[in-house]
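> any chance you could fold what I've pasted below:
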Amino acid sequence: MPVYQIVTSGIDLTQEQRDALATRCTRTHHEVTGAPDPFVRIVFQPMPLGLIYTAGRVEPSLILSAACRGGRSEQTRHELMHKLYEVIQDVVDLPPDQVVVVVTDTPSSWIIEAGMVLPEPVHDAEVAWMRKLNEMSPGKYDQYV
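Predicted coordinates for the structure are as follows:
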């Protein structure tokens, strides 16, 4: 489910950087939360310089905003934010004050993925959801059950 929006203003990411951010953010999300890779979405939104302000001034910015399924611990959220920040710095190498990472929770019952309301992030509920998903799309998600 997670939807990552990477908004840049005054920072022109190359295709290689977008590919690296998408791959590494997906891997990081999976490693920290256990969420299957096929459900991690990454959206890039480049904006011209002059459309994002910091303290009333135009400055280059990269904002990563992740809407995630709620129910995970504060420790998990902090680990995810720190690791995502490290990914950004490794790939783009920006001054720290030009990078913002936001992870927000959305209740599972407010999200539909693959036509089904998402389960709570607990093992038994996730396994039942994945089994049902596999019934709808035989073989596509076998490795995640």
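
> the lowest-mean-pLDDT helix or strand in the chain - contacts with which helices or strands?
The weakest-scoring helix or strand in the chain, judged by mean pLDDT, DSSP states H and E, is helix 123-136 (a mean of 89). Other elements packing on helix 123-136 under the criterion 3 or more C-beta pairs under 8 Å, 6 or more residues apart in numbering; DSSP states H and E are strand 116-117. Glycine gets a C-beta too; all of them are placed from N, C-alpha and C.

> which residues touch the helix or strand hosting His82?
Counting by DSSP states H and E, the element that carries His82 is helix 74-92. Applying C-beta atoms under 8 Å, 6 or more residues apart in numbering, the external contacts of helix 74-92 come out as 11, 13, 17, 20-21, 24-25, 28-29, 31-33, 62, 64, 66, 68, 94, 96, 99, 101, 103, 105.

> just the ones of these in strands?
Counted as lying in strands by DSSP state E, out of these, are Leu62, Leu64, Ala66, Cys68, Val99, Val101, Val103, Asp105.

> pLDDT and distance to Met130 added to these, as TSV?
Compiled in TSV, those are given as follows (pLDDT from 0 to 100; distance: C-beta to C-beta, whole Å):
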residue	pLDDT	distance to Met130
Leu62	98	33
Leu64	98	27
Ala66	97	22
Cys68	94	18
Val99	97	34
Val101	98	28
Val103	96	23
Asp105	93	21
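
> need the residues you listed in a markdown table (columns: neighbour count).
Output for the ones in strands among the contacts of helix 74-92, formatted as a markdown table (neighbours: other C-beta atoms under 10 Å):
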| residue | neighbour count |
| --- | --- |
| Leu62 | 21 |
| Leu64 | 22 |
| Ala66 | 23 |
| Cys68 | 23 |
| Val99 | 17 |
| Val101 | 18 |
| Val103 | 19 |
| Asp105 | 13 |
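
> residues near Pro121, how many?
When neighbours are defined as other C-beta atoms under 10 Å, Pro121 has 19 of them.

> that one belongs to a strand, doesn't it?
No. Using DSSP: H, G, I helix; E, B strand; the rest coil, the assignment for Pro121 is coil, not a strand.
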